[in-house]
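> only geometry, no sequence info:
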């Protein structure tokens, strides 16, 4: 299952991502947030930054509802996020490969069109690197 380190590693592997200095996780592309730590607010208590829960940009209300209804063990929301295209993701419940998909989708929804092709180029370069590594491991 995933954790904050996986979020950091996967988010920073996406092109043009900046990590914002914060108490938890906060990743942006072109100045737009796509994943960050959940700032839990309990009346009468200081805000608690939850690095075990990620807030994820999902694009629109239909996608939000599909995730909440389809995978309630992974996703939830709070009244403070009503009307916003955001869901909370329980990191301990999500597999790393699924997390990669979710982060990439969130990134795609926030990145400017002019930078979108950089993901494909980065993926091709990563694929070449993996093939080269496999070739080296196969040598005596």
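That came through fine. Bear in mind that the values here come from a model prediction, so they are computed numbers and not experimental data.

> rest of the way, CA atoms for contacts and neighbours
Noted.

> Quickly find the element holding the spatially most central residue of the chain.
Taking Cα atoms, centre = their mean, the centroid of the chain lies closest to residue 103, which sits 3.1 Å from it. Applying DSSP states H and E as the criterion places residue 103 in helix 96-110.

> Give me the helices and strands touching that helix, please.
Other elements packing on helix 96-110 under the criterion 3 or more Cα pairs under 8 Å, 6 or more residues apart in numbering; DSSP states H and E are helix 4-12, strand 32-40, strand 48-57.

> what's the closest of those to residue 87?
strand 48-57 (5.4 Å; Cα to Cα).

> List the neighbours of the closest one that are in contact with it.
By Cα atoms under 8 Å, 6 or more residues apart in numbering, the residues outside strand 48-57 that reach it are 3-4, 23-25, 33-41, 85-92, 103, 106, 109.

> Ok, which of the helices and strands packed on helix 96-110 comes nearest residue 113?
The nearest among the helices and strands packed on helix 96-110, by Cα to Cα, is strand 32-40 at 13.3 Å.

> before we move on, back to that, tally up the residues packed near the residue nearest to the residue nearest to the centre of the chain when sequence neighbours are not counted, please.
Nearest residue to residue 103 in three dimensions, chain neighbours excluded: residue 11, at 6.6 Å (Cα to Cα, 6 or more residues apart in numbering). Residue 11 has 27 neighbours, counted by other Cα atoms under 10 Å.

> Quick check: residue 11 vs residue 112, distance?
Distance, residue 11 to residue 112, by Cα to Cα, to the nearest Å: 16 Å.

> got it, and residue 19?
17 Å.

> where does residue 119 land on pLDDT?
Listed pLDDT for residue 119 reads 57.

> Ignore what I typed, I meant residue 126.
pLDDT, read off for residue 126, is 45.

> follow-up on the earlier one: pull out the buried members of the contacts of strand 48-57.
For the contacts of strand 48-57, a burial check counting by 16 or more other Cα atoms under 10 Å picks out 3-4, 24-25, 33-39, 85-91, 103, 106, 109.
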